[in-house]
Each structure stands twice: as C-alpha cells, then as structure tokens.
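**Student:** Structure for this input, please:
(3 chains)
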Amino acid sequence: MKKDSMKAVLVLMLMVCLVGSLFAAGAKESAPAKEVVTLEWWTWDSEEYNEASQRAMVKEFEASHPNIKINMTLLPTKGFETKMTTALGAGVGGPDVAFFSVANWYPKALVLDEYIKRDNFDTGMYYKGFWDTKTQFNGKTIGLPLGVGASIVMYNKDLFDAAGVAYPTNDWTTDEYLEIAKKVANPAKKVWGAEILTRPFRAIWFNHGENARLYSPDSTKVDGYLNSPESLAAYEWFYDLMRSGVTPTVSDMATLSTENTGPIDLFMANRLAMATLNQGHMLNAVKAGKNFGVVREPGVGDNPRHVNAWSLLVGIWEGSQHPEEAWTFLKWYVGPEGQKFLMDNANLFPSIDSVAKQYKDADKDYVKGFLEVLNDTQVAIWRGAHPSGTKVEASITDLWDKIKLGLITKDQIKGELNALVPKAQAVLDEAKKTLLY
Amino acid sequence: MKTETTFEAMKRAHRRRQITTSVVTHSFMILLSVIFLLPIFWMFSTAIKSRWDIFLWPPVLFPEVPQWVNFRDVFTRVPMFRFIGNTFYLIVLKTIGELLAVPLIAYGFARLKFPGKGIFFMLVISTMMIPLQTKLIPLYSMYVKAGMIDTYWPLVLPAFSGTPFFIFLLIQYMKTMPRDLDDAAKIDGVGTFGILYRILLPLCIPALTIIVTYTFLWTWNEFLQPLIYLNSYEKFTIQMGLEMFKGIWSVEWNLLMAATLSTMTPVLVMYFFAQKHLIGGIASVGMKG
Amino acid sequence: MVTKQVKRSKAAVKEALCGYLSISPWVLGFIVLTFIPILSTIYYSFTRWTMMDKPVWIGLENYIHMFTKEPLFYQSVKATALYVLMSLPVILIFGVLLSLLLNMKIKGMNFYRTLFYIPAVISGVSIAMLWTWLLQPDVGIVNSVLSFFGIQGPKWFWDPKWALPSVASMSLWKVGGSAVIYLAGLQNIPPQLYEAARIDGAGKLRIFFKITIPLLTPTLFFQLIIQMIEAFKVFTEAYVITKGGPLKATYFYLLYFYEEGFQHFNTGYASALILILVVIIMAMTMFVNYTSKRWVYYEGEDKAR
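**Tutor:** Residues are numbered from 1 along each chain as shown, chains lettered A, B, ... in the order given. You can find the predicted model right below:
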C-alpha cells in the first residue's frame, strides 16, 4: 500500500511540475511583446548606396522604430551569392531581409500579398514596368523593388571631338553604331571605338526583333527563335563588330572583366570611345569629372526599342522568425522613406516616381538621358521567366567563342545556329524538369 | 717541392671552381628572382596609381604623382587592422589545435599497429579529395543548429581534429626515422606515448615548422569559410576585407593591389624567420653511430 | 611458450588500443565534418534537387545522364586528365630541382627562399590575374620577348590549342611552395652518407641518384599524392581567366561541377559529379599507393615488422 501511494505521489508531483513549466513558458510568450526584436539584414555596398549611408539609414529607422534593431551584415558582392545560396539551401540560418538577386532563390522568399493587403500598402507608387517584371513569381508578390538601373551607352565627348564625329542620338541604329565606332577609334594609340558584348540576349538582340530570343516565350521551343532570321541578323552584326578592328582584343576584355566589371576601366582611361555601361558607372564618371554623354543602345530599323533595365528585389526569407518586424523594415526601407534617404545621402535612383522627382541632379543631362531610357520595353522579362535558362544560354557559348576569336566565317554562322537548335532543345527539355514554376 | 706545387695548383683550381659555381649560381638566382619579382613590381606599380590611371596607354611604370595615400586608404576604407588582428587570432588557435592533434594522429599511423589501419589511412587521404563546396550546406546546417554561426568555432574546430595534409606529411617524416630509437627508448622504460613526445617529436621540427607555416598561410588566404560562417563585420578576416575592394560594378585595382601587398608582408616576414627551423634540423638528425 | 604468446598478444592489444586512442581526434572530426556531409551528398546524388525545394528521388538517372547523354562530362574529364598529365611532372621535377638549389649554402639564400615562396602567398585569383598579364598576346612579356627573337607568339589563353598548356604552365608558379616540403625532406638525409660517398670518390650526379633521390622518396611519394589530388581539383585558373574556354579546352571537372551546382542549381546532379570525381581520384591514389611499395624507401621501416 505504502509503495503504491508513494508512486502516486511521485506521479502527481511530476504532473504538477510539467503543467507548471508549461504555464511558465506560456506566460513568457504571452507577455506584452515590447521586447526588442533583432533582424538580420544582409546587404552589399555599391556606388549607389555605400556602407556609410546604409548604416545611417539603419539608425534613422531604429530611431522611429524603437522595438526593432537591425544587424546589418555587409558582404562583398561575390560572397553575397555564395552565402545566400548556402543559407537558403540549408534551410536554416538565413537572413530576415536581403536582396533576392538570383532568380533561383525566389521559392525561398516570403509571399507578401497578405501583408500588402492588410496594411493597404500602395504598390502603385513603384514604376509599373519594374513592379511587373521584378516582383512577381508564380503570380505572387515576393518582394519590393529597390531603385532602378539600366544599361546605357556612355560616350566620351572628348574623343568624339578629337575625331570630329557627331555625337550619337537616341534614334541611332546598329549600322550607325559600327560606323561611328570605326571613325572614333584610333588603334595606333590603342583607343577603341566600342567594346565586345559579353553575351547576347540584351537590348541590341531584342531590337533586331522579338524572335531573336533564345527560345519561345512559353519556354518550350528553340526552333524558330535561335535560328530565326532576326537572330541570324544579330549574330552577323556581332560578327561584323568583332572583325571591325575597333574593339579591344578578347584578352584585353577578359583581363578587365575578370570580376565581371565590364569595360569601365578602359572607358575611364579614355581608351574606349563608347561603352555599354550602367548608372553605377555613370556615377563614377561624374565623380571623376569626365566629359561624357548618355544615349540608349542602338536599334534596328523601325523596330521597337528595348532596354536592359532592372530593379533590385528585396525580400523576406520564408524561414524568418520575425516576419512581422521584417515586413515593417522592408516597407520602410524600400518604401518612400528609405529610398528618399538613400537618394539624398547616397546616389540611389529611386524606383518610386514621386521620390525620383526630387532627385537633386534631375536637371543634369546624364540624369535626363538615363531616365529617358527607362521608358523602353524591358528585356528582363524573358530571363526571369525560366531560371534554368542559364544552362540553355550556356549551350551557345562555343558559337560565341568562335565568333569572338574569328574561328569561323560569316556565312558559316547560319549553319552553326541550325546545328545548335537540337542541342539547345535537349538542354531546354532537361532543364525544364527543374522548373520551379 | 713538387707535391707542394701540385697541392697549391689543386687548391687554386678548386678555388676557381668554387668561384665559377658561385658566380653561375648567383646569376641564375638573380635571373629567377627577377622573373618571380616581376608580378610584384606590377602590383606595386598599380598600387601607387590613382584609380583611373591604371590602364593608360602606353602603360606607365612609375606614375608622376605616386599615390602613397592608397596604402593608408586601404586601412581606413576597410577596418584592415582589425581584420588582420582577427586573422592572427584564428592562426594562433588553429596552430595550437594542429600541433596538439597532428603529432598524436601521425604517430598512430607511423608507428603503431592496429587492425584497419590501412583503411583509416585511405580515409584520411580521401578527405583531401572532397572539395569544400560540397560540404558547405550540410556543415552550415549543423553549425546553425549548434548555435556556432557568427563565431570562430567553425573555423577553429577542424584544426583540433588534424588537417589530413599535415597528418600525411608527419607520417612520412616519422617513417624515415629509424626504429632503433624507439627500441632504445623502450629498453630505457619509456612508454608508448613517451616515445612520441620525448624522442620522435623533437626530431620533427622541420615538419612541424611546415605545419606552422602552412597553417599561417592557409588561414591568411582563407575566404570561403569565413564568408559563410561569419556575419558581423568586425569579425571578418583579411580576404573578406580584400574582397570589399571589388565593387558590384567595378574593381578598385589600385587599392586592391595596395591591400594585397600590405597583407602579404607579414606572411613573408614570418616565413623568413621560420626558415631557420626548417633548415636547422641537420644537427639533430645525425644520431647514427 | 604459451606465456610468451599471451604476452605478445597482450602487447598487441595494448598497442592497438594506443593506436586507436592516438587517431581518435581525427576520427571524431572525420565523422562530424566529413562523413555526415558525404552521406547527404550521396543521398542527393540520387535525387533531382535545386536546393530551393524538396529533393525528388530519381534513382540512377543522374548517373545515367552523366555517362550516356552528356558530352560536357567527357569534355571535362578529358580536359582535367590532360591537365594532370601536363602539370604533374612539371611540378614534381621543378620542385625537387628548386629545393636542391635552395639547399645550397650561399649567401643570401634565406632571402631567395622567401622570394620563391611569394607566389604561394598571393591568393589564386591574384596569381591568375598576373598570369593573364604575362601571357597577354599583344603586350604581355612572354610574347614581347618572343617577338624580340622574331617569333610570333600564340594567343595563349585565347587559342584553343594553347589554352590548356598555358594553364598547366601556371603550376610552375606553385613550385616554391612544394620546394619547402622537399627542403624539409632533404634535411633528413644524414650528412654522414654524403661524406662517406665523397670519400669513396662518388661524383655529384651519382650521389644525387643513389643517395639523395632514394632517401627523398618518402617526400616524393607525399608530393605525388598531394599534387595529384590538387591537380584533379584545378578550378581557379579556369574560373578566373578562361571560363572553361575557348571551345571548352579548359573546361575542368570542378568548373563543370561549379556551373551545374551553383549557376544552374542542378544540385542533385552536381552531387553525383563530385562522387564520381572522388572515386576517380581514389582509384588513382590507391594505384600510386600500391606501386609505392616498390619505389619508396623508408629508413625507419628497414627492419620490417
């Protein structure tokens, strides 16, 4: 009898302890949450928003939001991708807020539609083109667009004046591009006219025609696109560019582009008369006092003009422990407050029209030239649609190399393209199996 | 009389040969040095230029106005001193770890017999075949769950388990040592591990110097693991600091070269002084007879 | 007699236990830091996985695709194999020669040794950049020197035929690092042997081939294994300079793995690629290990146990 009663008492005590601890834990959680929440924000710096301005922005945010603290992790750009891929792939230890700059990461971004609706967040304040192309994945909103960027052609006015050539205008064509490049170049002094395109499928390609793309808009068919007349015309134009003798050598370009930085170094050394660069490079040129002009990429005939434009998608990791606070930070950071702050204290070109109108140098020529370019149709659409498209693009590398290095003749290009179609199709079919849509 | 002359003649010929060898060797070394130093010259030349003057044509070897300020900027733009300090801290911890673990492990393979030794040895070697990138995600997952992210633990712990390269190196080194030493020590009553610590290890100084040198070097040059495991800016290491000069749209070559040169110097200085131990093992090795 | 046997087996057990104890730090680290990650790699190799969603089991499909439908696989194996064959002899031979040079007692040798160590100190990316400048077809030093002799140098990294040898030549840079290891090995050769040989009237070459090399074989074996493994893992040069080109001449195995895993996010397939690489390297290593019994001489193993 005594043993049984002892057992019973023990069991009872155990139960009391268990229940008690549950209450204690529950009590802690239900306590008013005016404790400070710390958010992990992973970012990088650039000409448009450097470290100092981002840290100052954080201070500004924390001042008006005392219950949220931001841990800013500043990473080198190349490292950012590796770290994000590792964390997102591991499924743990990811940031609360970060750039979702790689399309393959989209499935790991928190869907924001509920938050937007609940808070009546006005997404119409953003430029429509960027909103449509950048923030949507599988019909859902996965982030907000920070700033705007685009590829533009910058030309060195001093070199043009020295060669006595008229400046290019926004309605120029790819043929005029070649002509101008030949006239401004001065190979004896190693001054080049134009740079070597790193790859196709940017503005110039689409300016040749919508069918110059790699595969059909629904990502199923290669035949009729890669080998279309428009596509062939684009490749043949590139061939002419490479044989014109007014581009830097392949090895020059490779050396300077080892970090994917493009021809900015040559342009700034007054050795490249025209270069397809972007707004970040533009800011460098302004800072260095270069005498330059801005024009959009050349077109083909009367075809509609395209622009290779982008906006940085900032999103919330779906594994975030504090989605509510992360959303509060996100809509401040990529909303009018944050973008205005970065515009005033750094050099961000905002993606919000009302804020952009207050840009301090709005009257300068280069700013006007840049903003005008943003009105064209964006190329970005087709690339984001199929993340596995990187592999299909890689299948044309050999042909690109052959044209760059002069290993084939112009009339062989058509045959090469036709031969590539079945190979690219096989890669496309294989890649579609990993399609995330 | 005759023997004297021939002896003197021999001495003269020998000295002539000595001088010729010396001259030939020296000129050869100087030639090689120039070749090896060429990239350093280029790096230095780039480091003292202003940002947009690096790619002028014709190339300028020494700019008119050398931008010595670049070397200062390297340390102000990025908290490089802090990063160097962090890296030194890591080096010390890892060196301790390696020096504790590697001799013990190598001794087991080199001198002791146990079943499965061959398989274990192949496993040690096979670890070197696996590129780091494959292990990143599982390791990251583990460390997150252990709460070790944004600490130096993930970077230091592997050293306490021994780097396979060092284990293999020391095994080879120990195998060249005659077993007479072990036997003599046993007769004197020295225990199994006593043989390691009192007899063999003192003779392995050159190999241990290599371990210290390489740990220093590899930790100094490490980028991927600190990137993945560290979040706080003030904890970053040297290579991460260097990467900050590579912006998203352009690279600040002059600062990058200045930074690389600056961070290279301590390693070379350390190596210069470590050499004595590398080459100084001769006296202790000749214990035969 | 029975007691002797018992004593011997007791000693053997004690030795085995000591053996396990001494390698225990490594075993522990191996299980946590290598074995478990490899298990997940093996698992993923049988799935289709983009890292961003759940893995889908597809059995041997990755392997079948690799061996039957993927020309890139064979291209990368070929490029890597050629690289190994080209660079390995260079590294080994020049490494030994350099270490002999650096072992000489000449004034300022400390300085020279540090000098040749410099390339090892500069990270791979910077070295790659420097070599791009050296081998630049128009203004690079190598071609400038060649044109001085009236030879038109090839386009090195930009010529499909010369790209791979150019990359292989970059391994010359690394000999400074391996010379250090040989130096340590050279220290282990008792000087009495040299003296005895010289007294016997042996010439320098004979001494080299009959004394130095044989006693250096443990170090040579070590370097052969290490450099071979490293050669199979060649990556940075292709990633920074040639991007695998031109026309896939330098499309090394790890570059292929990197593109599949980190650019195309085809991680299941990339896991399979890595496992095949490990198997290949393992096979080569075991082969070298097997032949080593014939040509490696351990002084400490003279009294074979």
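**Student:** For the residue nearest the centre of chain C, which non-adjacent residue is spatially closest?
**Tutor:** Centroid-nearest residue in chain C: C:Q227, 2.2 Å away (criterion: CA atoms, centre = their mean). In this structure, C:Q227 finds its nearest non-sequential neighbour in C:I91, 5.2 Å apart by CB to CB, 6 or more residues apart in numbering or on different chains. For glycine as for every other residue, the C-beta is placed from the backbone atoms N, C-alpha and C.
**Student:** so what's the one you found up against?
**Tutor:** Applying CB atoms under 8 Å, 6 or more residues apart in numbering or on different chains to C:I91 gives the contacts C:S171, C:L172, C:K174, C:V175, C:S178, C:Q223, C:Q227, C:A231.
**Student:** now with 10 Å?
**Tutor:** Counting by CB atoms under 10 Å, 6 or more residues apart in numbering or on different chains, C:I91 touches C:168, C:171-175, C:177-178, C:223-224, C:226-228, C:230-231.
**Student:** Quick check: pLDDT value at the closest residue to B:Y152 other than its chain neighbours.
**Tutor:** Nearest non-adjacent residue to B:Y152, counting by CB to CB, 6+ apart: B:L90, 6.2 Å away. If you check B:L90, the pLDDT there is 96.
**Student:** Centre of the chain to the helix or strand encompassing the residue nearest to C:Q227, how far?
**Tutor:** Here C:I91 sits within helix C:71-103, counting by DSSP states H and E. Computed by CA atoms, centre = their mean, to the nearest Å, the separation of helix C:71-103 from the middle of its chain amounts to 8 Å.
**Student:** so after that helix, what's the next helix or strand?
**Tutor:** Assigned by DSSP H and E, the successor of helix C:71-103 is helix C:109-121.
**Student:** any idea of the pLDDT on residue 126?
**Tutor:** Assuming you mean chain A. Reported pLDDT for A:Y126: 94.
**Student:** ah, no, chain C please
**Tutor:** 74.
**Student:** Leaving out the residues flanking it, which one is nearest to it?
**Tutor:** Nearest residue to C:S126 in three dimensions, chain neighbours excluded: B:T260, at 5.8 Å (CB to CB, 6+ apart).
**Student:** What of C:P214?
**Tutor:** C:P214 sits nearest to C:Y297 (CB to CB, 6+ apart), 5.1 Å away.
**Student:** any idea how far the one you found is from C:P190?
**Tutor:** According to CB to CB, to the nearest Å, C:Y297 stands 14 Å off from C:P190.
**Student:** Which residues are in contact with each of these two?
**Tutor:** With CB under 10 Å, 6+ apart, C:Y297 and C:P190 have common neighbours C:L215.
**Student:** how does chain A divide into domains?
**Tutor:** With domains defined by automatic domain parsing, chain A comprises A:37-148+A:310-378, A:150-308+A:387-432.
**Student:** What count of nearby residues applies to residue 285?
**Tutor:** Just so you know, I chose chain A. Residues lying near A:A285 (other CB atoms under 10 Å in any protein chain shown) number 21.
**Student:** think we crossed wires, I meant chain C
**Tutor:** 20.
**Student:** Then B:D73?
**Tutor:** Applying other CB under 10 Å, we find 18 residues neighbouring B:D73.
**Student:** Correct me if wrong: it contacts B:A259.
**Tutor:** Yes: taking contacts as CB atoms under 10 Å, B:D73 lies within contact range of B:A259: 9.2 Å.
**Student:** and A:G149, that's in a strand?
**Tutor:** Yes: under DSSP: H, G, I helix; E, B strand; the rest coil, A:G149 falls within a strand.
**Student:** What parts of the stretch 51-200 of chain B come near chain A?
**Tutor:** By CB under 10 Å from any CB of the partner chain, the residues of the stretch 51-200 of chain B that approach chain A are B:51-59, B:77-78, B:133, B:136-145, B:147, B:149-150.
**Student:** Can you say which helix or strand has the residue in chain A that chain C sits nearest to in it?
**Tutor:** Closest to chain C within chain A is A:G89: 3.6 Å, counting by CB to the nearest CB. Here A:G89 sits within helix A:77-90, counting by DSSP H and E.
**Student:** hmm, that helix touching chain B?
**Tutor:** Yes: Helix A:77-90 reaches chain B (CB under 10 Å from any CB) through A:T77, A:K78, A:G79, A:F80, A:T82, A:K83, A:T85, A:T86, A:A87, A:L88, A:G89, A:A90.
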